[in-house]
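> Okay, sequence plus prediction incoming.
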Amino acid sequence: MTTFPAINKRLIVRLSVLAGCALTALFLVQCSGGGGSAIFVLEPLPYRQDALAPTISAETMGFHYNKHYAGYVKKANELTKGMVFAGKTAEAVIQMTAGDASKAAVFNNAAQAWNHAYFFKCLKPGGGGAPEGLLAEMIDEAFGGFMDFKELFITAAKDQFGSGWVWLVLDEGKLAVVTGANADTPLAHGLIPLFTVDVWEHAYYLDYQNRRVDFVKSVLDNLANWDFVAGQLEKVQPPKK
Ligand SMILES: [Fe+2]
């Protein structure tokens, strides 16, 4: 696995072309012509707050959704008020501010709002197991098998120093596992996000304390929503005939 490369604006353009509408649908978007409407909306959890227990307790999910995620959405909207971002999508805000130190606060909150909404969709009660179809084939091709992918993903999570995210992404038609620190996101690197686990301590500390690996293993085994991931993949990589 690798960490994200330096921000590359040309890759960002490539992402826009590749992902197009498929990603736009996820982007918490509320466009407005006059800059008066919020760009980021707080997406509802796709399950009850206690539905992921015991892998993720209701208490952890409550803090994660109501405090952390909601906080990023609120702050991202405060920071994107005004004409510079008027009418932009969440995706566009992330791409416009990626790698720009003077816009770090906007990027961090916008990317965290997007990452969290995506992460919550990657989970479901009664998830886990192994994917099927095109996603399974591509995992076999890229990693040698699902168990090898899991091992790589868990190792990436363990090795991510400090707060960040572990991602399964599509990179020029091939699957890859990448990690990013803090708010970093595949959208800033021309990569198409497919699956992610949040490895900020707020995602697991109440339930697992410092045992990040146990948290990630349990998410993969019990909560991973491979149907959602397969759907995302098929939007940009049609099934083989
Ligand atoms: Fe988080």
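Thanks, I have it. Numbers count the residues shown, from 1 in each chain.

> Flag every residue of the protein that's near the ion.
Within the chain, the residues that sit near the ion (CB under 5 Å from the ion) are 68, 198, 200, 203. C-betas here are computed from N, CA, C, even on glycine.

> my read: the third one touches Ala157, true?
If I follow you right, that is Trp200. No. Assessed by CB atoms under 8 Å, Trp200 is found out of contact with Ala157, at 11.3 Å.

> which one of the two has more residues nearby?
Higher neighbour count among Trp200 and Ala157: Ala157, with 24 against 20, using other CB atoms under 10 Å.

> and the residues of the chain next to the ion as JSON lines, adding secondary structure and pLDDT?
Output for the residues of the chain next to the ion, formatted as JSON lines (DSSP: H, G, I helix; E, B strand; the rest coil; pLDDT from 0 to 100):
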{"residue": "His68", "secondary structure": "helix", "pLDDT": "98"}
{"residue": "Asp198", "secondary structure": "strand", "pLDDT": "98"}
{"residue": "Trp200", "secondary structure": "coil", "pLDDT": "98"}
{"residue": "Ala203", "secondary structure": "helix", "pLDDT": "98"}
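
> Neighbour-wise, which one of those residues leads?
Result: Asp198 is most packed of the residues of the chain next to the ion (other CB under 10 Å), 27 neighbours.

> The nearest residue in space to that residue that is not next to it in sequence is in what secondary structure piece?
The shortest distance from Asp198 to any non-neighbouring residue, by CB to CB, 6 or more residues apart in numbering, is to Phe119 (5.0 Å). Take DSSP states H and E as the rule and Phe119 turns out to sit in helix 104-121.

> buried sites along that helix?
Judged by neighbour count (16 or more other CB atoms under 10 Å), helix 104-121 contains these buried residues: 106-121.

> Can you spell out which helices and strands pack onto that helix?
Here helix 104-121 touches helix 70-79, helix 90-97, strand 192-198, going by 3 or more CB pairs under 8 Å, 6 or more residues apart in numbering; DSSP states H and E.
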